[in-house]
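A.B. asks: Have a look at this prediction, sequence included:
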Amino acid sequence: GLTEGGRAAGVAISLYGVRSARNWGCGDFRDLLAVVDWAAESLQASFVALNPLHAIQNRQPFNTSPYSPNSIFYQNYLYLDVEAIEEFARSARVRELRHRSDICAELEELRDAAFIDYERVSVLKLRFLKLMFADFLREWRGRSQRAQEFRGFQEREGLLLERFATYCALDEHLHRRNPKVWTWPQWPPKYRDPDGPATAAFRQKHWRQVLFYQYLQWQINRQLEHVQRYACSRGLSIGLYHDLALATDRFGSDLWAHRPFFATGCRVGSPPDDFSPQGQDWGFPPPHSARHWEDGYRLFTESLRKNCRHGGALRMDHVMRLFRLYWIPDGYDASQGAYVRELSEDYLRLLALESVRNRVVIVGEDLGTVEPAIRESLARFGILSYRLFYFEKNGEEFKNYDTYPEQALVSSTTHDLATIAGYWVGADIEARRKARIIGKDGYRSQLAARAHDKQKMLDALFRAGLLPAALPRSADQ
């Protein structure tokens, strides 16, 4: 689904940050429909790119980053348009609750807040969703079309969904009993085994809680499918462009449910470079490749299918993971790690196969320390490179748009670099100074280099006819 001439253009958003007068304090799938309308009407875009929609904990003090999710297989219920679910209109209890003055005041506060309050939004949405689920249970026991659709979803998702929902139910149950219990390593030992008899007994006794979390994923699946169909109907040739995170939270659902597929005794990171002179420690375990190979790469394949089934493109964060990862042994810092090679041909063949099966464009984020052979292999399998304007130069000059590789997606920035506005004022350099990553000399030299690059950027935009002739040629403009 590329536009005439082989090129497609789109806009990237962080869905959680979309503001509207009707959402519940966090961008949701109805907001996404509005973004699709804007992209179609004002931009004539081919796609809307999204942050990873992965499930996260939605609570403090543990991370709320979509790039370090609770699970890479399932999505965050915060994005649900609660009012679009059938039970919202059908339930008198839900309608009565929605119009209470305290609920209206809470919604106004959440919409007007300077930052997204994941925890409060989560608590509020769960309150409504549980009431709605109680109404759905009566229908579920019957033979209605929706009940059969839900059972079909459960059957297709199988053990993967059952384990995720069991984890969510256990997490909620144990944290309610003891608010100091935040992560599964703190759970009673009998519940740390997803296949153990205590876990099975819990799942049987608390089946409604488990079913509730399956119900949430079913509703997410339905709403996301609707958005993709709508995007295509509005003329977006690709539709939604999803993002698959590299990491999974070491205290999250995936580690609890699939522990043998992760290596122990080390973490993943990156070696020292100009952006991080001390290296980076990302704090999550690397995959156990031999175990994945023995299992026929089932989980890897599922991670692709789950994240591209309602979209036309999938970005794979840190695609070098398919070739090598930087392992940091426990007890050592990020400067003392080493690269460990992966079975790249296996992964690339599976990626290409799933791309064809699901009719999606695959974009590999190949930034950082990248060997030329990696990009050659990605191109051989039809995986698009990911190029940032910041980094693309011929000598000191920024490249013209027509010199980029044909098989590439080009972006102004990415999630772990400064925004254009932040780049222009040097906010990233200032952050490095405040974090003591760079000293006074490094600070001054990076500011000088930034001023030089800003002028070169203006020169490149001027050459391409994207700046008016009267714009002053100054790095401060």
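C.D. replies: All right, it came through fine.

A.B. asks: got the contact list for residue 82?
C.D. replies: Residues in contact with residue 82, defined by CB atoms under 8 Å, 6 or more residues apart in numbering, are 24, 28, 88, 125, 128, 129, 132. Backbone N, C-alpha and C define where each C-beta goes, glycine included.

A.B. asks: Can you report phi and psi for the residue nearest to the last one when sequence neighbours are not counted?
C.D. replies: Beyond its immediate neighbours in the sequence, the residue positioned closest to residue 132 (CB to CB, 6 or more residues apart in numbering) is residue 87, lying 3.6 Å away. The main-chain torsion angles of residue 87 are listed as degrees, to the nearest 10 and equal phi -60, psi -20.

A.B. asks: and residue 87, how far is that from residue 95?
C.D. replies: Using CB to CB, to the nearest Å, residue 87 is found at 11 Å from residue 95.

A.B. asks: neighbour count winner among the two?
C.D. replies: residue 87 (21 against 11; other CB atoms under 10 Å).

A.B. asks: Wait, that one touches residue 130, no?
C.D. replies: No - using CB atoms under 8 Å, residue 87 is not in contact with residue 130; the gap is 10.6 Å.

A.B. asks: And the helices in the stretch 101-250 of the chain?
C.D. replies: 101-112, 118-140, 145-177, 197-205, 207-233 (DSSP state H, counting those that start in this stretch).

A.B. asks: Enumerate the positions of the last one that are buried.
C.D. replies: Neighbour-count burial for helix 207-233 flags 209-224, 226-228, 230-232 (criterion: 16 or more other CB atoms under 10 Å).

A.B. asks: The second one now?
C.D. replies: The neighbour-count check on helix 118-140 (16+ other CB under 10 Å) flags 118, 120-122, 124-126, 128-129, 131-133, 135-136, 139-140 as buried.

A.B. asks: quick one: stretch 26-43 to chain centroid distance?
C.D. replies: 18 Å (CA atoms, centre = their mean, to the nearest Å).

A.B. asks: Make 20 the starting number, not 1.
C.D. replies: Understood, numbering begins at 20; the last thing we discussed is stretch 45-62.

A.B. asks: Mind jotting down where the strands sit in the stretch 370-496 of the chain?
C.D. replies: With DSSP state E, counting those that start in this stretch as the criterion, the stretch 370-496 of the chain has strands at 380-383, 404-407, 412-413, 416-417, 427-430.

A.B. asks: contact partners of the helix or strand bottoming out on mean pLDDT in the chain?
C.D. replies: Within the chain, no helix or strand scores below strand 412-413, which has a mean of 88 by mean pLDDT, DSSP states H and E. By CB under 8 Å, 6+ apart, the surrounding residues in contact with strand 412-413 are 418, 422.

A.B. asks: Paired strands for that strand, with orientation please.
C.D. replies: Strand 412-413 has these partner strands in its sheet, going by DSSP bridges: strand 416-417 (antiparallel).

A.B. asks: And the average pLDDT for the strand it pairs with is what?
C.D. replies: The average pLDDT within strand 416-417 is 90.

A.B. asks: again, but for stretch 207-227
C.D. replies: Mean predicted lDDT for stretch 207-227 stands at 97.

A.B. asks: Name the residues linked to residue 281 by a beta bridge.
C.D. replies: Beta-bridge partners, per DSSP bridges, of residue 281: residue 306.

A.B. asks: Count the residues that sit near it.
C.D. replies: 17.

A.B. asks: Contacts only, for it.
C.D. replies: Counting by CB under 8 Å, 6+ apart, residue 281 touches 274, 304, 305, 306, 307.

A.B. asks: Can you check the pLDDT for the second one?
C.D. replies: Same thing as residue 304. 94.

A.B. asks: where does it fall, phi/psi-wise?
C.D. replies: According to degrees, to the nearest 10, residue 304 has phi -80, psi 150.

A.B. asks: Could you report the distance from it to residue 313?
C.D. replies: Remark: distance between residue 304 and residue 313 (CB to CB) = 18 Å.

A.B. asks: Next: the first one.
C.D. replies: Counting by CB to CB, the gap between residue 274 and residue 313 amounts to 19 Å.

A.B. asks: higher neighbour count, the two?
C.D. replies: Counted by other CB under 10 Å, residue 274 and residue 313 do not tie: residue 274 has more neighbours, with 21 against 11.

A.B. asks: Low-confidence bits of the stretch 370-496 of the chain, can you list those?
C.D. replies: Within the stretch 370-496 of the chain, the stretches with pLDDT under 70 are 488-496.

A.B. asks: hmm, 50 instead?
C.D. replies: By pLDDT under 50, the weakly predicted segments of the stretch 370-496 of the chain are 494, 496.

A.B. asks: got the residue ranges for the helices in it?
C.D. replies: Secondary structure of the stretch 370-496 of the chain (DSSP H, counting those that start in this stretch): helices located at 391-399, 439-444, 446-453, 459-482.

A.B. asks: what's the closest of the ones you listed to residue 193?
C.D. replies: Closest approach to residue 193 among those (CB to CB): helix 446-453, 36.9 Å.

A.B. asks: what's the angle from that closest one to helix 459-482?
C.D. replies: Relative orientation of helix 446-453 and helix 459-482, computed by axes from the mean of the first three to the mean of the last three CA atoms, to 10 degrees: 180 degrees.

A.B. asks: Which strands and helices lie in contact with helix 446-453?
C.D. replies: Under the contact criterion of 3 or more CB pairs under 8 Å, 6 or more residues apart in numbering; DSSP states H and E, helix 446-453 touches helix 459-482.

A.B. asks: name the helices or strands packed onto the helix it packs on?
C.D. replies: strand 416-417, helix 446-453.

A.B. asks: Figure out how far the last one is from the centre of its chain.
C.D. replies: In terms of CA atoms, centre = their mean, the centre of helix 446-453 is found 25 Å from the chain centre.

A.B. asks: Tell me which residues are up against it.
C.D. replies: In contact with helix 446-453 (CB under 8 Å, 6+ apart) are residues 436, 437, 440, 441, 457, 461, 462, 465, 466, 469.

A.B. asks: who's in contact with the closest residue to the last one other than its chain neighbours?
C.D. replies: Using CB to CB, 6+ apart and skipping the chain neighbours, the partner closest in space to residue 469 is residue 445 (5.5 Å). Residues counted as contacts of residue 445 (CB under 8 Å, 6+ apart) are 465, 466, 469.

A.B. asks: Can you flag the buried ones in the residues you listed?
C.D. replies: Using 16+ other CB under 10 Å as the burial test, the contacts of residue 445 include 465, 469 as buried.

A.B. asks: Report the separation between the residue nearest to residue 469 and residue 388.
C.D. replies: Counting by CB to CB, the gap from residue 445 to residue 388 is 24 Å.

A.B. asks: ditto for residue 125
C.D. replies: Separation of residue 125 from residue 388 (CB to CB) stands at 47 Å.

A.B. asks: In terms of packing, which of these two has more residues around it?
C.D. replies: Shown here are residue 125 and residue 388; by other CB under 10 Å, residue 125 has more neighbours (17 against 12).
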